[in-house]
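S.K.: turn this into a model:
(chains A, B, C and D)
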2 protein chains.
Amino acid sequence: MEADTLELESFLPYRLYRLADAVSREFSRVYKDRHGLTRPEWRTLAGLGQHGTMTATALGEQSAMHKTKVSRAVSRLERRRWLARKPDEKDRRVEHLTLTNAGLAAYREMVPLAKAFERELLSKLSTGERVAIAEGLAALEAALGR
Amino acid sequence: MEADTLELESFLPYRLYRLADAVSREFSRVYKDRHGLTRPEWRTLAGLGQHGTMTATALGEQSAMHKTKVSRAVSRLERRRWLARKPDEKDRRVEHLTLTNAGLAAYREMVPLAKAFERELLSKLSTGERVAIAEGLAALEAALGR
DNA sequence: CCAAATTGGTTTCGTTTGTAACCATCGAAA
DNA sequence: TTTCGATGGTTACAAACGAAACCAATTTGG
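M.R.: Residues are numbered from 1 along each chain as shown, chains lettered A, B, ... in the order given. Next comes the predicted model:
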């Protein structure tokens, strides 16, 4: 533990990123291998599946995506006919996005897989460890939200 | 908490990624704003600063980077004269990488900033929360390592 | 020994990304 | 009203990325 050296393996930003990358990569099989979706597309699908109808801006806020990511994900899902846009009546800049039946079907198919993935990952932890990760993540999230 | 819906905000892969992204983005100021480094370049610097001399393969393993990322990061740091390559005597495929004085100077300048960043982030947590995140991350890392 | 498989590292190619500029629309203020 | 700043969303461009092909050197196994 020398003072002028940084131990990368225990450096929090690195550990977080590495972990997120590994988990995310593993989970991407669910949407990438099966349907050829990108992560932004999956998140868009997940946001709309969860909330029904959203604007692009709301999607970006909910799922922490840059507006260009949202824009591209939306147009690709639209081209695939998994979502449809409806112009807002009062404000013609805004579009309301909704999943089509096909999109909803895909979402419904993936939700159990996502839950199973999470469950299996957590099943490798003890109860105490599960509590720890939940508390730790929540604390970090709260710390960053300021 | 409906059965056929996934709550993205509490979905572990999403939370991890979002957190890692936010933290990493914030930390990138240290190497990006100051020196125009990319993350792979920073990690390469950090690996060599920590271990002295490494091969590209070892770098990739230590810092969880794809070999093409390592290759590109190394050549950019070399062009900047922050690191030098030395061919291996016995195996001519292998190159041993070391920081030059300039590279080492940059590393030494950034280490305290990195540590300060981490310290400040963790200072927003209670002692219990710090323990929790440490234990939780370690548990997840262990779970993935199998 | 020699062919085949493996390994260290680079390059090529198509895709994804972020930044910034952009277009259209809206709201507020003069 | 007209103007000006803010907002919703798209596009253009350059940089970064991953997969796969690649090259050269080395090891393995027959």
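S.K.: packing partners of the longest helix seen in chain A?
M.R.: Longest helix in chain A, counting residues (DSSP state H): helix A:101-123. Under the contact definition 3 or more CB pairs under 8 Å, 6 or more residues apart in numbering or on different chains; DSSP states H and E, helix A:101-123 sits against helix A:12-28, helix A:39-51, helix B:12-28. Placement of C-beta: from N, CA and C, glycine included.
S.K.: quick one, what contacts the residue of chain A found nearest DNA strand C?
M.R.: For chain A, the residue closest to DNA strand C is A:Arg92, as judged by CB to the nearest atom of the strand, at 3.5 Å. Under the criterion of CB atoms under 8 Å, 6 or more residues apart in numbering or on different chains, A:Arg92 has no neighbours.
S.K.: and the particular helix or strand that has A:Ile133 in it with chain B, contact?
M.R.: Applying DSSP states H and E as the criterion places A:Ile133 in helix A:127-144. Yes - interface with chain B: helix A:127-144 contributes A:128-129, A:131-137, A:139-141, A:143-144 (CB under 8 Å from any CB of the partner chain).
S.K.: please state the offset of that helix from the chain centre?
M.R.: With CA atoms, centre = their mean, to the nearest Å as the basis, helix A:127-144 stands 18 Å off its chain's centre.
S.K.: and the angle for it with helix A:101-123?
M.R.: For helix A:127-144 against helix A:101-123, the angle by axes from the mean of the first three to the mean of the last three CA atoms, to 10 degrees is 120 degrees.
S.K.: now helix A:127-144: mean pLDDT?
M.R.: The pLDDT scores in helix A:127-144 average 96.
S.K.: can you list the buried residues in that helix?
M.R.: A:Glu129, A:Arg130, A:Ala132, A:Ile133, A:Ala134, A:Glu135, A:Gly136, A:Leu137, A:Ala139, A:Leu140, A:Ala143 (16 or more other CB atoms under 10 Å in any protein chain shown).
S.K.: try stretch A:61-74
M.R.: Neighbour counts over stretch A:61-74 (16+ other CB under 10 Å) mark A:Gln62, A:Ser63, A:Ala64, A:Met65, A:Lys69, A:Val70, A:Arg72, A:Ala73, A:Val74 as buried.
S.K.: for that stretch, the distance to its chain's centre please.
M.R.: For stretch A:61-74, the separation from the chain centroid amounts to 11 Å (computed by CA atoms, centre = their mean).
S.K.: ditto for stretch A:135-146
M.R.: For stretch A:135-146, the separation from the chain centroid amounts to 18 Å (computed by CA atoms, centre = their mean).
S.K.: what does stretch A:68-75 give?
M.R.: 14 Å.
S.K.: are that stretch and DNA strand C in contact anywhere?
M.R.: Yes - using CB under 7 Å from any atom of the strand, stretch A:68-75 reaches DNA strand C at A:Thr68, A:Lys69, A:Arg72.
S.K.: quick one on the thing from earlier: mind listing what's buried in the longest helix of chain A?
M.R.: A:Gly103, A:Leu104, A:Ala106, A:Tyr107, A:Met110, A:Val111, A:Ala114, A:Phe117, A:Glu118, A:Leu121, A:Leu122.
S.K.: just list the residues touching the first one, thanks.
M.R.: In this case it means A:Gly103. Counted by CB under 8 Å, 6+ apart, A:Gly103 has contacts A:Leu45, A:Leu48, A:Gly49, A:Leu77, A:Arg81, A:Trp82, A:Leu83.
S.K.: what strand or helix carries the fourth one?
M.R.: Okay, so that is A:Leu77. Using DSSP H and E, A:Leu77 sits within helix A:67-79.
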